[in-house]
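1. have a look at this fold, sequence not included:
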DNA sequence: TCAATCCGTATC
DNA sequence: ATACGGATTGAC
């Protein structure tokens, strides 16, 4: 039995007796209720055994909840591996992996399963990628290839994913596709319906009600469907005979689980591909440093388009530094649009919709060089510098290791003056509208996302990730969020900037059809260059090289420990950590009553770091330490 | 000498 | 967490 108890020191199986009446129901994987330390708790049957190693008396389980074996041996192995990787408990992972039961749904008669054989699909769009046809063939033949795919700009990627899913089904196996949000689930769902026909796939996303969610999850578990597309928590979906797992746009923050133990979809799927002998596809318009690391270690192959295909599909991209000549037009000046951006938008509006990407509100101010605008970094650990207290007087300090940076000088230009970068100033749709009189303006943001726009000339003002997908491609796009993105106090600022720009640029028509993109940022900096040349792989390789130099993930394994200072110190004291461990900090975080400590080890010691922290958390929870401490491995946010 | 309380340990 | 037991302390 695995009992649903959040305590780290109780993260192990417990044996119970099965009463005779429950013999048929309490099958391995089924849900039960048991008395544990005097109270009733939920649990899962891991296995039925003839005897027990336990020296003391055994209790009978109180109730068998249902005979549905929701926790398969494969899922148990995966959840255990994820818990170990992230220094968490099996119970925490199972809570993410298995949806709440819905009795009425469970009792419904099983739907007819459509298992007509699927024909091996032609390579289609995959022949635009070096190694693409081979990848597809390997999947169709029952192999388990692993690849990192940089997709061509344009609307083709959902169809490519559907083709890969069809190849998996043709091999008699199942495909699991994980995308960042519900909008992408719908897009890929449409492509799957086109490729496989109706009723052959299932869409799992968080916004389904409990009944529908459990209904679809059960259909997957019972093997009624072989193609699954879903968001984050679907990465644990109990797919039978897994042949291929896909993580689309692995740089998107939505792939990082915000609940303990904070697993990342890409890591879960990589573990799963390994454990269940399945193929793996990590794809996107760009490539993350993690993706580059998978290729560098030869664990995965690259699936990259030819330069000719890129030239044919990519829009023309220009950079316009903010300080360049502003448009002559008075209204355009009011909107602070550089001349080249304004004319690109004006020309684009003659033939179709124009996208304007603007930054979201609410970035934290950090420091940058007053002379050349390079972001200010700590000389010791290369963390971002910030002002620890409000107002002048407090010297800048590293946000990671806490080292004061009174002696800071810019490594780019030598200046010793730093300035706070106040970002997030959002050009409003109204301001932009005045620059283009007579043109309708639509907005799409986090709170109200516009799904699509037609081919009519319209200005679409959108924040990153909320760009409507136009039926005929945008005629042009202006990317106005350059500084906001690039000065974020984040290790991944440049990578994230390129990812967001590429996502917008990918919605623009090819250069040959007049498609144009203007990015308002310095044309000399790396992510801008990578966008102009449409070279996500070169960028990712550089990014990985830089992280290797700085010793940041994915080149190393990092753990963040946060909580009250005494509790953090307590956990650290209880930890048996590898000798290679390096401490950064602690530094105060939040309102000042909490702090965060970073621990850094070489990748080969990652498992030992996680195990040491898990054991220390177990010691603490056994001593009933009340003060909570959060342990996060390779945290997404370090700012 | 007995009971209320504290602390540590186990939880099948 | 919660429950139990053994040690400890304090009052009659």
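-> Good, I have the coordinates. Since this is a predicted model, take the numbers as computed values, not measurements.

2. flag the shaky bits of chain A, pLDDT-wise.
-> Along chain A, segments meeting pLDDT under 70 span A:112-114, A:321-337, A:359-366, A:378-384, A:387-394, A:398-403, A:421-431, A:481-485, A:487-489, A:639.

3. all helices of the stretch 1-150 of chain A, in order?
-> A:73-85, A:90-97, A:103-107, A:132-140 (DSSP state H, counting those that start in this stretch).

4. pull out the buried positions in the longest one.
-> Read it as helix A:73-85. Of the residues in helix A:73-85, A:74, A:75, A:76, A:78, A:79, A:80, A:81, A:82, A:83, A:84, A:85 count as buried by neighbour count, 16 or more other C-beta atoms under 10 Å. To be clear about C-beta, it is placed using only N, CA and C from the backbone, and glycine gets the same treatment.

5. need the next SSE after whichever helix or strand residue A:190 is part of, C-terminal direction.
-> According to DSSP states H and E, residue A:190 maps onto helix A:182-196. Counting by DSSP H and E, the next helix or strand C-terminal to helix A:182-196 is strand A:201-204.

6. can you name the element that comes right after that next one?
-> Moving toward the C-terminus from strand A:201-204, the next helix or strand (DSSP H and E) is helix A:210-221.

7. distance between that next one and the chain's centre?
-> In terms of C-alpha atoms, centre = their mean, to the nearest Å, the centre of helix A:210-221 is found 23 Å from the chain centre.

8. what does stretch A:536-552 give?
-> Here the centre of stretch A:536-552 is set off from its chain's centre by 18 Å, with C-alpha atoms, centre = their mean.

9. could you chop chain A up by domain?
-> Taking automatic domain parsing as the reference, chain A has its domains at A:2-71, A:133-309, A:315-362+A:423-533, A:556-633.

10. save those as a markdown table, and put in distance to DNA strand B and mean neighbour count too.
-> What follows is the domains of chain A, written out as a markdown table (distance: least, C-beta to the nearest atom of the strand, whole Å; neighbours: other C-beta atoms under 10 Å):
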| stretch | distance to DNA strand B | mean neighbour count |
| --- | --- | --- |
| domain A:2-71 | 3 | 15 |
| domain A:133-309 | 19 | 21 |
| domain A:315-362+A:423-533 | 38 | 20 |
| domain A:556-633 | 6 | 18 |
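
11. now these in JSON lines, with distance to residue A:541?
-> Listed next are the domains of chain A as JSON lines, based on distance: least, C-beta to C-beta, whole Å:
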{"stretch": "domain A:2-71", "distance to residue A:541": "39"}
{"stretch": "domain A:133-309", "distance to residue A:541": "5"}
{"stretch": "domain A:315-362+A:423-533", "distance to residue A:541": "10"}
{"stretch": "domain A:556-633", "distance to residue A:541": "18"}
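
12. so which of those domains gets nearest residue A:119?
-> domain A:133-309 (6.2 Å; C-beta to C-beta).

13. partner residues bridging residue A:175?
-> residue A:227, residue A:244 (DSSP bridges).

14. contacting residues for the residue sitting nearest the centre point of chain A?
-> The structure's chain A has its C-alpha centroid closest to residue A:255; by C-alpha atoms, centre = their mean the separation is 2.5 Å. Listed by C-beta atoms under 8 Å, 6 or more residues apart in numbering, the contact partners of residue A:255 are A:178, A:180, A:232, A:247, A:249, A:264, A:265, A:266.
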